[in-house]
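Engineer: Sharing a sequence plus its predicted fold:
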Amino acid sequence: MKILVPIKRVVDYNVKVRPMSDQSNVDLNNVKMSVNPFCEIAIEEAVRLKESGSASEVIAITVGKQDSQEQLRTALALGADRAILVESEDLVEPLVIAKALAKVCSDENPDLIIMGKQAIDGDNNQTGQMLAALMDYSQATNASEVKLSSDSADVTREIDGGLQTIKITLPAIVTTDLRLNEPRYASLPNIMKAKKKELNVINLNDMGFDTSSRTELLSVELPAERDAGVILESVDDLIDKLKNEAKVIS
C-alpha cells in the first residue's frame, strides 16, 4: 500500500506573526519556518502505518517555493521514503494545490492520502475536500483514529458532542485532527539519512492546468487589542457592568 502525505511550509507555531508595513501580507523576513503541525500528525500516522506493516511506501509532497525542500527533508527524516516538490514561486490557493496534488496522484496512484485538516496560516480547511472531489475518492475529515484493512479504512472522527466512526473504501483521503497521535522528533542519524533520500522537483507551470487565483488577498492586519480586565468587588457590581456597560442583560 502506498501512502501520499501532502505537507505545507508555514511560519513556526511558536513565532508571533506580524503583517508587513503596507498590510499586503505576512512579514516572513528572518522568520522561522516549519512543517505545518497538522501535517506533522499526518506524517506520523503514515509512518506508523508503514511500521505496522499496513503500508509499503510513504511519499511526502508539497506545493511551494524551492525553500520548501527544507520541510520535505524534515518529512524524510521523520520516516517518509521519498519526496516530491511541486515548485511555484507564487503563493497559490487551495484549489490550485488540490489540482497539483491530483495530477501527481494520477501518476503515483496512492491507496491512501493522509493530510492535515488545515494549515495554521490560512486556516482554510479546503484542500483535502477539494482533492477528494477532483479524484472522486472517499474521504474522512477530522480523524482522531485510523484503522486500515485491505480495501477499506475505519476512521473515527471528532464531531460536536462526541465521536463518529465511519468506514470508507480505498483509495481514500483522510484529514487529521490534533488527537490522532503525537508526532515524533527526528533523530540526528535520520536527519543525515534524509539528505540522501530521493527528492524530485516538478514545476507547477508544466503541469498543464490553469494556476491563476480565484481569490485576491486584500490586506493582513493584527486583531484588535482586547481591553484589560477589571476586578469587581461584588455580584451587584458585575450585574451593573453587564447591564449598563456591556448591555448584555436587561
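Structural biologist: Perfect, I can see it now.
Engineer: which residue ranges form the strands in the protein?
Structural biologist: Listed in chain order, the strands found in the chain under DSSP state E are 2-6, 9-11, 33-35, 57-64, 82-87, 112-116, 138-148, 152-159, 162-169, 172-176, 199-203.
Engineer: how about the ones you listed in TSV, adding mean pLDDT and distance to N190?
Structural biologist: Every C-beta, even on glycine, is put in place using the N, C-alpha and C of the backbone. Formatted as TSV, the entries for the strands of the chain read as follows, by pLDDT from 0 to 100; distance: least, Cβ to Cβ, whole Å:
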stretch	mean pLDDT	distance to N190
strand 2-6	96	16
strand 9-11	94	20
strand 33-35	94	15
strand 57-64	96	13
strand 82-87	96	14
strand 112-116	96	20
strand 138-148	94	23
strand 152-159	92	27
strand 162-169	94	31
strand 172-176	96	21
strand 199-203	96	15
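Engineer: Among the ones you listed, which comes closest to E51?
Structural biologist: strand 57-64 (9.9 Å; Cβ to Cβ).
Engineer: quick one: strands adjacent to the closest one?
Structural biologist: Within its sheet, and counting by DSSP bridges, strand 57-64 is paired with strand 2-6 (parallel), strand 82-87 (parallel).
Engineer: among those strands, which is the most enclosed?
Structural biologist: Across those, the average number of neighbours (mean count of other Cβ atoms under 10 Å) peaks for strand 2-6, which reaches a mean of 26.
Engineer: what distance separates it from the centre of its chain?
Structural biologist: What separates the centre of strand 2-6 from the centre of its chain is 13 Å, taken as Cα atoms, centre = their mean, to the nearest Å.
Engineer: Please apply the same query to stretch 70-81.
Structural biologist: The answer for stretch 70-81 is 15 Å, by Cα atoms, centre = their mean.
Engineer: Going by neighbour count, which residues of it are buried?
Structural biologist: Buried positions in stretch 70-81, judged by neighbour count with 16 or more other Cβ atoms under 10 Å: Q71, L72, R73, T74, A75, L76, A77, L78, G79, A80, D81.
Engineer: so where's the protein uncertain?
Structural biologist: Along the chain, the model assigns pLDDT under 70 to no residue.
Engineer: show me where it has helices.
Structural biologist: Taking DSSP state H, the helices of the chain run over residues 37-51, 69-77, 94-108, 127-135, 188-194, 235-244.
Engineer: For D154, find the nearest of the strands paired with strand 57-64.
Structural biologist: Proximity to D154, assessed across these by Cβ to Cβ, is greatest for strand 2-6 (16.3 Å).
Engineer: Put the alpha carbons of the closest one into CSV.
Structural biologist: Output of strand 2-6 as CSV, limited to C-alpha atoms (Å, rounded to 0.1, in the frame of the first residue of the first chain):
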residue,chain,number,x,y,z
LYS,A,2,1.3,3.4,-1.0
ILE,A,3,0.5,6.5,1.2
LEU,A,4,0.9,10.0,0.0
VAL,A,5,1.3,12.8,2.6
PRO,A,6,0.8,16.4,1.4
